[in-house]
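[1] Using only what follows, build the 3D model:
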Amino acid sequence: MGSLLVSRWRMPSLVVAFIGVPAMLYVLSTIGSDFLSAGIVVLLLSLAVFSLQAFLYATAPASYPTLIRGVGVGVAIAIGRFGSIVGPKLGGWLKGLGHGSSQLLLDLLPIAIVGSVFALILALHKR
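    Numbering: from 1, shown residues only. Below you'll find the predicted structure:
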């Protein structure tokens, strides 16, 4: 099923995923304590994030000339790893300032929107 979406409807499925990440973050921040609804939103958010990560890892090699492809992909992955280190630190700092769980998700929203816009531009450019 996933390969069918990627092969036949690549751009529409990417657009849905790029819009879905910020949208699901927002919905998750406002959902309250309904466990079932939160679980469904987290599942949809996870599917969108996983799909986009796979797309970005697959697109990275085509984004660099052959001569520097290994270094370019390595730097792209390193920047992602840097984000996975800085993100929790930033979250802890914001939590220390008194931000609740819902506010922390809303704090992520601008980052998710900017990332989605630039990744969508990359997807359109590498069509």
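
[2] Report the contact partners of the nearest residue in space to residue 91 that is not next to it in sequence.
    Taking Cβ to Cβ, 6 or more residues apart in numbering, and ignoring the residues beside it in sequence, residue 91 has residue 104 as its nearest neighbour in space, at 5.9 Å. Heads up, the C-betas are built off the backbone N, CA and C, glycines and all. Under the criterion of Cβ atoms under 8 Å, 6 or more residues apart in numbering, the neighbours of residue 104 are 91, 94, 95.

[3] Can you check the pLDDT for the first one?
    Translated: residue 91. The predicted structure scores residue 91 at 90 on the pLDDT scale.

[4] That one sits in which helix or strand?
    With the criterion set as DSSP states H and E, the secondary-structure element containing residue 91 is helix 69-96.

[5] got the buried residues for the helix or strand just after that helix?
    Using DSSP H and E, the next helix or strand after helix 69-96 towards the C-terminus is helix 101-125. Going by neighbour count (16 or more other Cβ atoms under 10 Å), the buried part of helix 101-125 is 105, 106, 108, 112, 113, 115, 116, 119, 120, 122, 123.

[6] mean confidence for helix 101-125?
    Within the predicted structure, the mean pLDDT of helix 101-125 is 89.

[7] quick one, that helix and helix 69-96 angle?
    Orientation check (axes from the mean of the first three to the mean of the last three Cα atoms, to 10 degrees): helix 101-125 against helix 69-96 gives 160 degrees.

[8] ok now helix 101-125, how far from the chain's centre?
    7 Å (Cα atoms, centre = their mean, to the nearest Å).

[9] repeat for stretch 111-127
    Computed by Cα atoms, centre = their mean, the separation of stretch 111-127 from the middle of its chain amounts to 10 Å.
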